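*Asks:* Provided below for reference: sequence and predicted model.
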Amino acid sequence: MIAAVPFLFSGIFLSRSIMVMLGLIKGPVLHSFEKYGDDERGYNGLLYLLFWMGAFSLNSGIWMARLSRNVFLPMESLGVILMAGAFIAYRQAHLVHKFFHYPRWYFELEERTSRSERRRIAYMWLQLSRKGRLIYNSNDFAFNQWADLIIVSTIYIDDYLEGQAASP
């Protein structure tokens, strides 16, 4: 029974990672925009996907080994390979960002917005109600319209602040 807890835990987070990659959950990706600092680390979805696939494979291999009284199953070695892939994805994040373009809405948003606009979108996401988040999670078109409204307001606020700073 105790072996089922990590199996279920990794299964839940694996399904969450898959939903993020499919674009059905936008919160974790938008959370990566909130960070301040010199360099902006993009969202590395492949890292989380490989890590949780590896954890799920390891836990299912261990669980099946306990049930079948077999010491070694291919699921465990697959889990180790996937975990090694997650480590490589972590170390080579710039290559992952260059070649792995999922979720699609994230890369489209990144191409057409500046860093301050993405940060403002991320902080406005926190202000949305749960129902609003559910609507925008499930509908990319509505999310893009909402993001465009945030971008327009960012441009307006930035222009307004620059005008005030110029006048004495």
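*Replies:* Looks like it came in fine.

*Asks:* so where is this protein shaky, pLDDT-wise?
*Replies:* Scanning the chain with the threshold set as pLDDT under 70 gives 1, 3, 38, 71-72, 156-168.

*Asks:* try it again at 90.
*Replies:* Flagging of the chain using pLDDT under 90 yields the residue ranges 1-8, 20-48, 58-80, 85-86, 88-120, 122, 138, 140, 150-168.

*Asks:* so which strand or helix has the residue nearest in space to the middle of the chain?
*Replies:* For the chain, residue 29 is the residue whose C-alpha lies nearest the centre (Cα atoms, centre = their mean; 3.8 Å). For residue 29, the host element (DSSP states H and E) is helix 27-31.

*Asks:* centre of the chain to that helix, how far?
*Replies:* In terms of Cα atoms, centre = their mean, to the nearest Å, the centre of helix 27-31 is found 6 Å from the chain centre.

*Asks:* repeat that for stretch 28-41.
*Replies:* In terms of Cα atoms, centre = their mean, the centre of stretch 28-41 is found 11 Å from the chain centre.

*Asks:* what residues of that stretch count as buried?
*Replies:* 29-30, 32-33 (16 or more other Cβ atoms under 10 Å). No exception for glycine: its C-beta is placed from N, CA and C like everyone else's.

*Asks:* for it, output the C-alpha coordinates as CSV.
*Replies:* This file holds the C-alpha atoms of stretch 28-41, laid out as CSV (Å, rounded to 0.1, in the frame of the first residue of the first chain):
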residue,chain,number,x,y,z
PRO,A,28,2.8,27.0,-14.4
VAL,A,29,4.0,28.5,-17.7
LEU,A,30,2.8,32.0,-16.7
HIS,A,31,4.4,31.6,-13.3
SER,A,32,7.8,31.4,-15.1
PHE,A,33,7.2,35.0,-16.4
GLU,A,34,7.0,36.5,-12.9
LYS,A,35,10.7,36.3,-12.1
TYR,A,36,12.8,39.4,-12.0
GLY,A,37,16.5,39.5,-12.8
ASP,A,38,19.1,39.8,-15.5
ASP,A,39,18.4,36.7,-17.5
GLU,A,40,15.0,35.3,-18.3
ARG,A,41,14.7,31.5,-18.1
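
*Asks:* ok, residues contacting it?
*Replies:* 20, 42-43, 45, 48, 93, 103, 106, 115, 118-119, 121-123, 125 (Cβ atoms under 8 Å, 6 or more residues apart in numbering).

*Asks:* hmm, try it at 7 Å
*Replies:* The contact list for stretch 28-41 (Cβ atoms under 7 Å, 6 or more residues apart in numbering) reads 20, 42-43, 93, 103, 106, 115, 118-119, 121-123, 125.

*Asks:* cheers, nothing more for now.
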